[in-house]
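>>> Fold the following and give me the result.
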Amino acid sequence: MNDHCTEEGARRLKQRIEQYWEERGYDVSIDLVEAGFMPAMRSARTDVRSNMVNGLPRKAANNNEDPRGVIRRSA
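Numbering: from 1, shown residues only. All right, here's what the predicted structure looks like:
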């Protein structure tokens, strides 16, 4: 099932995102937020929220590499 708004679907999506970035050496924080009943959907909704910016992690787990492939040098 591809419904990422259900609790189960949101949990699967969270795991996939975390695994994807972990394999590439990035540490992302993903939270699941229960949004409650949504009349337009006629069901409850679970939101997937992260600390990423524009879909990219803020920093690598080793703090030296940018997710766009740019290596940051310490001053």
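>>> you'd agree residue 51 is up against residue 28?
Yes: distance between residue 51 and residue 28: 6.4 Å, which falls inside the contact criterion (CB atoms under 8 Å). Quick note: C-beta positions are derived from backbone N, CA and C, even for glycine.
>>> mind checking the SS state of residue 15?
At residue 15, secondary structure determined by DSSP: H, G, I helix; E, B strand; the rest coil is helix.
>>> Run a quick neighbour tally on it.
Residues near residue 15, counting by other CB atoms under 10 Å, number 11.
>>> how about it, what does it touch?
Residues near residue 15 by CB atoms under 8 Å, 6 or more residues apart in numbering: none.
>>> repeat for residue 16
Residue 16 is in contact with no residue at all, counting by CB under 8 Å, 6+ apart.
>>> what's the distance between residue 29 and residue 42?
Summarising the geometry, the distance separating residue 29 from residue 42, computed by CB to CB, to the nearest Å, is 31 Å.
>>> Can you pick out the residue with more neighbours from those two?
Neighbour tally, residue 29 and residue 42, criterion other CB under 10 Å: the higher count belongs to residue 29, 11 against 7.
>>> Identify the residues contacting the nearest residue to that one once chain neighbours are set aside.
For residue 29, ignoring the flanking residues on the chain, the nearest one in space by CB to CB, 6 or more residues apart in numbering is residue 51 at 4.4 Å. The neighbourhood of residue 51, defined by CB under 8 Å, 6+ apart, consists of 28-29, 57-58.
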